[in-house]
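Enquirer: With the input below, show me the fold.
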Amino acid sequence: MNDEIPVDIDHIQHSVGGAGGHWFRRITHVSMFLIPLVYHLYGIEIANIVNLEPRDFVIAVGIAFVIIEAIRINFGIIIVGQREYEANQVSALAWGAIAVCLTLIIAPQEGEGLEAGKFTIPIICGLTFVDPLMGEVKRAKMGMKKAIVAGMVVSYIIWLGCYVLFSTPILYAIVLAPFTVLGEIPRVKWIDDNATMILFPLILLLIIKAIV
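Expert: Have a look, this model is predicted:
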């Protein structure tokens, strides 16, 4: 059985809802950039609604996603924007949601407000903006090399932008930006790039922090 997904596959043909479902998926994907901003600005207030600390609230959300995804797979449910093959395996949405939760739980958070997101914001925004951009470049049959170039440009804009706005250390920005793009390259069905595009820079960040 071949688990590799073609680089330039046209996902519109395999998405629930066709073109409309595909673009709904893309818009939803991009809108996830709001998650770390809301977390660092209003996380305490939101978590207080259910009498939890922000980190514990994120853990609860992550567990909820795992349970909901297990139920979805058990019944073979796919919703608008999801792809046919996701009926019987962990969906891209679930992979992304769990990876985002892991980032908010374990990534170093230093300072207050948005400055505390000096690592979480670029890691998560790398996924939300770079992934759909590279996907559309490949879908347009422009090739993996052009997708990588486009992804690298946007990834560095995000990381260097966070250096300017949120005091992300410049050396971390330079080193970690390519790993967002690297996470898009594996094309297998058993793990989605929504996870690897976050886990690759996150794991390297934790390794560097442990060494330095």
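
Enquirer: Where in this structure is the helix or strand with the lowest mean pLDDT?
Expert: Comparing helices and strands within the chain by mean pLDDT, DSSP states H and E singles out helix 18-31 as the least confident, with a mean of 81.

Enquirer: How far does that one sit from its chain's centre?
Expert: How far helix 18-31 lies from its chain's middle: 15 Å, per CA atoms, centre = their mean, to the nearest Å.

Enquirer: by contact count, what packs against the helix or strand that it is followed by?
Expert: Towards the C-terminus, the helix or strand next in line after helix 18-31, according to DSSP states H and E, is helix 34-48. If you count contacts as 3 or more CB pairs under 8 Å, 6 or more residues apart in numbering; DSSP states H and E, helix 34-48 packs onto helix 54-75, helix 92-106, helix 120-125. Every residue, glycine included, has its C-beta placed from N, CA and C.

Enquirer: what's the shortest one in contact with?
Expert: Judged by CB atoms under 8 Å, 6 or more residues apart in numbering, the contacts made with helix 120-125 from elsewhere in the structure are 32-33, 35-37, 39-40, 100, 103-104, 107, 109, 114, 158-159, 161-162, 166, 168, 173, 176-177, 180, 198, 201-202, 205.

Enquirer: Kindly report the same for the longest one.
Expert: Contacts to helix 54-75, defined as CB under 8 Å, 6+ apart, come from residues 39, 43-44, 46-47, 50, 52, 87-91, 94, 97-98, 101-102, 104-105.

Enquirer: list the buried ones in it?
Expert: For helix 54-75, a neighbour-count test (16 or more other CB atoms under 10 Å) marks Pro54, Phe57, Val58, Ile59, Gly62, Phe65, Glu69, Arg72, Ile73 as buried.

Enquirer: and stretch 175-191, average pLDDT?
Expert: Throughout stretch 175-191, pLDDT has a mean value of 85.

Enquirer: before we move on, what about stretch 154-168?
Expert: Confidence over stretch 154-168 (mean pLDDT, whole number) is 97.

Enquirer: Which positions within that stretch qualify as buried?
Expert: Val154, Ser155, Tyr156, Ile158, Trp159, Leu160, Cys162, Tyr163, Phe166, Thr168.

Enquirer: centre of the chain versus it, how much separation?
Expert: 17 Å.

Enquirer: what stretches of the protein score poorly on pLDDT?
Expert: Across the chain, the stretches falling below the confidence threshold (pLDDT under 70) are 1-18, 81, 187-189.

Enquirer: picking that back up, okay if I get the helices and strands packed on helix 34-48 as TSV plus distance to Lys209?
Expert: Rendered in TSV, the data for those read as follows (distance: least, CB to CB, whole Å):
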stretch	distance to Lys209
helix 54-75	17
helix 92-106	10
helix 120-125	13
